[in-house]
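Visitor: here's my sequence, what's the structure:
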Amino acid sequence: MGYTSISTGEGVAVAIGVSGSLCLLGIEYCVATARGQPVHRFRDSLANIACGVIHQIGSLHYASFVFPAYELLRQRCGIAGIERFPVASAASLLLLIDFLYYWEHRLLHKNRFLWAAHVVHHQSEEFNLTVALRVSALQIWMTTASTLLLAIAGFPPAMALATLLVYKFYQLWTHTRLIGRLGVLEWVLVTPSHHRVHHARNERYVDKNFGGMLIIWDRLFGTFEPERESPRYGVAGPRGSTFDPVLANLEPWLALCRPDRTAAPRGAPPAGLSSWQAVSALLRLVAVLGLTLALLGSSDGGAGAWVLVLPVSVLWLRQLGAVLDARGAARRGDTAALAIALGTAAALAVLGADPGIARALLGGAMLVALAARCETAPGRRASGLLARAAADNMVVRATEGRKGSYGVGR
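Guide: So this is what the prediction gives:
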């Protein structure tokens with residue numbers, strides 16, 4: 001399989017994964033509502049999904065860059081010449097991936113540089129399926145070494161990619177509070193109970209349960225901890241509160257560059273958004289999500305378009321963060337954002353890029369314009385499910401006594 005095919009296949013798989021994830025999110029929300037057990041805060045969940053969008057933008061063409069080196073390493077240093085996809089090979093590959101993930105994940109928590117790329121995943125003080133999507137833009141690049149080790153083992157790139165995608169999708173369901181303990185499965189598999197411990201900042205839970213699919217590695221290497229007390233989610237130490245996905249990715253690196261300086265808390269954003277601000281946030285998220293999916297599904301891989309589209313995506317996400325933080329700064333940048341989006345669409349047309357990307361830009365620009373219009377209607381009310389979400393799920397908890405930090409570990 002060629003690298004273009006691998007990259008395109010990765011984009012299709014991601015698009016399918018996004019659709020499946022959104023369906024599961026809907027199910028989780030409905031079940032939680034029926035049980036009277038709210039597990040989502042509107043702004044927190046949207047910020048988590050937005051961080052996932054940034055991760056996908058940062059991961060574009062990862063396969064195209066990494067897998068040529070992967071195949072070269074496999075041809076030169078591969079221990080086993082595996083070419084087919086028998087059950088035994090697939091099972092051994094999955095076991096190797098899980099073993100490498102355990103040590104890779106443990107290192108992400110212990111090394112300050114790697115933690116800056118991973119801490120985004122732990123910033124949320126909630127725990128639901130959207131947290132699984134909350135990954136930093138650079139984390140996949142920080143974990144390239146473990147992928148290349150699969151090449152040395154001799155597994156072909158298409159086989160490795162397919163298994164990695166299945167492996168990542170498994171981890172989605174472990175990010176929920178709605179599933180309790182699962183009996184004998186708790187001895188072998190990573191379950192939601194195990195992963196709740198991993199995301200908790202309780203002292204006894206810090207740096208525990210690093211496994212991705214199998215919990216046996218934690219049991220073998222002394223990092224296992226069962227769920228004994230109610231987890232408190234987030235990271236350790238004082239921090240401000242923001243729902244801006246761009247700032248969430250940047251602040252750990254800024255803190256790493258200034259280790260002697262403690263970040264001044266910004267304080268909590270205002271206690272809630274109006275229903276129409278919620279509509280605006282959703283429209284802005286859909287705009288950047290559509291643009292990202294267009295890049296992933298582009299017939300030419302979107303390689304040249306990525307450089308042009310990146311500033312638009314970052315600007316739209318920054319405006320989304322301004323709405324979620326109720327900073328009132330989004331509308332001031334809307335005119336510039338629309339002009340840049342239209343100019344980028346024109347440039348893509350001149351360069352002969354995939355027209356689907358230009359259409360996504362124009363469609364996104366229309367959504368951003370509509371979002372700006374929504375924010376100018378504070379006296380009007382949205383109706384239905386969104387209004388209820390605005391009323392019930394957008395209350396931001398007081399930051400007093402809450403903890404968070406960008407230091408190593410939690």
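Visitor: could I get the pLDDT score of Ser299?
Guide: With respect to pLDDT, Ser299 scores 58.
Visitor: could you pull out the helices for the stretch 101-250 of the chain?
Guide: Using DSSP state H, counting those that start in this stretch, the helices of the stretch 101-250 of the chain run over residues 112-118, 129-133, 139-142, 144-153, 157-170, 192-199, 216-221, 245-257.
Visitor: which ones are touching Val197?
Guide: Tyr205, Lys208, Asn209, Glu225, Pro226, Glu227, Pro231 (CB atoms under 8 Å, 6 or more residues apart in numbering). Using the backbone N, CA and C atoms, a C-beta is placed for each residue, glycine as well.
Visitor: can you put these in CSV and add distance to Ala369?
Guide: Below are the contacts of Val197 laid out as CSV (distance: CB to CB, whole Å):
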residue, distance to Ala369
Tyr205, 46
Lys208, 47
Asn209, 46
Glu225, 50
Pro226, 51
Glu227, 47
Pro231, 42
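Visitor: can you pick the most crowded of these?
Guide: Counting neighbours by other CB atoms under 10 Å, the top entry in the contacts of Val197 is Asn209, with 27 neighbours.
Visitor: distance check, that one against Val286.
Guide: Look at Asn209 and Val286: by CB to CB, to the nearest Å, they are 34 Å apart.
Visitor: ditto for Asp354
Guide: Distance of Asp354 to Val286, computed by CB to CB: 20 Å.
Visitor: show the pLDDT at the nearest residue to Leu247 once chain neighbours are set aside.
Guide: Of all residues not flanking Leu247 in the chain, Gly321 sits nearest, at 6.3 Å (CB to CB, 6 or more residues apart in numbering). We note a pLDDT of 90 for Gly321 in this prediction.
Visitor: hmm, back to that, okay, the helices of the stretch 101-250 of the chain in TSV with mean pLDDT next?
Guide: Listed next are those as TSV, based on pLDDT from 0 to 100:
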stretch	mean pLDDT
helix 112-118	92
helix 129-133	94
helix 139-142	88
helix 144-153	90
helix 157-170	88
helix 192-199	97
helix 216-221	97
helix 245-257	89
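Visitor: take those and write them to a markdown table, including distance to Leu178.
Guide: What follows is the helices of the stretch 101-250 of the chain, written out as a markdown table (distance: least, CB to CB, whole Å):
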| stretch | distance to Leu178 |
| --- | --- |
| helix 112-118 | 25 |
| helix 129-133 | 9 |
| helix 139-142 | 26 |
| helix 144-153 | 31 |
| helix 157-170 | 17 |
| helix 192-199 | 8 |
| helix 216-221 | 23 |
| helix 245-257 | 25 |
